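Engineer: Take a look and give me a structure for this.
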Amino acid sequence: QTMRKDSGFNVTDRINVAVTGNAKVFDIAKKNEAAISAVVLSDSISDAQFENAKEWDINGENVSIAVAKV
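Structural biologist: The predicted structure is shown next:
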């Protein structure tokens, strides 16, 4: 949700989420796509490259996550 705000999106805007740079985190995100999508209002989780990617440390795993408005 921080990335949504930083990108200037409204809370109700539908988004696409991109997870790159870490296959383990991407696989977990894809396995839980329905639950994640329901919480963050996303239409998809992919390994696409979006401009606003930010680096995150998720439980010791480095990953790039980006969002784009649908």
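Engineer: what's the helix or strand for Ala66?
Structural biologist: Following DSSP states H and E, one finds Ala66 within strand 61-69.
Engineer: Against which helices or strands is that strand packed?
Structural biologist: Strand 61-69 is packed against helix 2-6, strand 15-20, helix 23-31, strand 54-58, with contacts defined by 3 or more C-beta pairs under 8 Å, 6 or more residues apart in numbering; DSSP states H and E. In this view, the C-beta of every residue, glycine as well, is placed from N, C-alpha and C.
Engineer: List the buried residues in that strand.
Structural biologist: Of the residues in strand 61-69, 63-68 count as buried by neighbour count, 16 or more other C-beta atoms under 10 Å.
Engineer: Pipe the helices and strands packed on strand 61-69 into JSON lines and attach mean neighbour count and distance to Ala38 per row.
Structural biologist: JSON lines is the format used below for the helices and strands packed on strand 61-69 (neighbours: other C-beta atoms under 10 Å; distance: least, C-beta to C-beta, whole Å):
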{"stretch": "helix 2-6", "mean neighbour count": "13", "distance to Ala38": "15"}
{"stretch": "strand 15-20", "mean neighbour count": "20", "distance to Ala38": "12"}
{"stretch": "helix 23-31", "mean neighbour count": "15", "distance to Ala38": "13"}
{"stretch": "strand 54-58", "mean neighbour count": "12", "distance to Ala38": "19"}
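Engineer: Just send the ones you listed back as JSON lines, with distance to Asp47 too.
Structural biologist: As requested, the helices and strands packed on strand 61-69 are exported to JSON lines (distance: least, C-beta to C-beta, whole Å):
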{"stretch": "helix 2-6", "distance to Asp47": "16"}
{"stretch": "strand 15-20", "distance to Asp47": "5"}
{"stretch": "helix 23-31", "distance to Asp47": "6"}
{"stretch": "strand 54-58", "distance to Asp47": "15"}
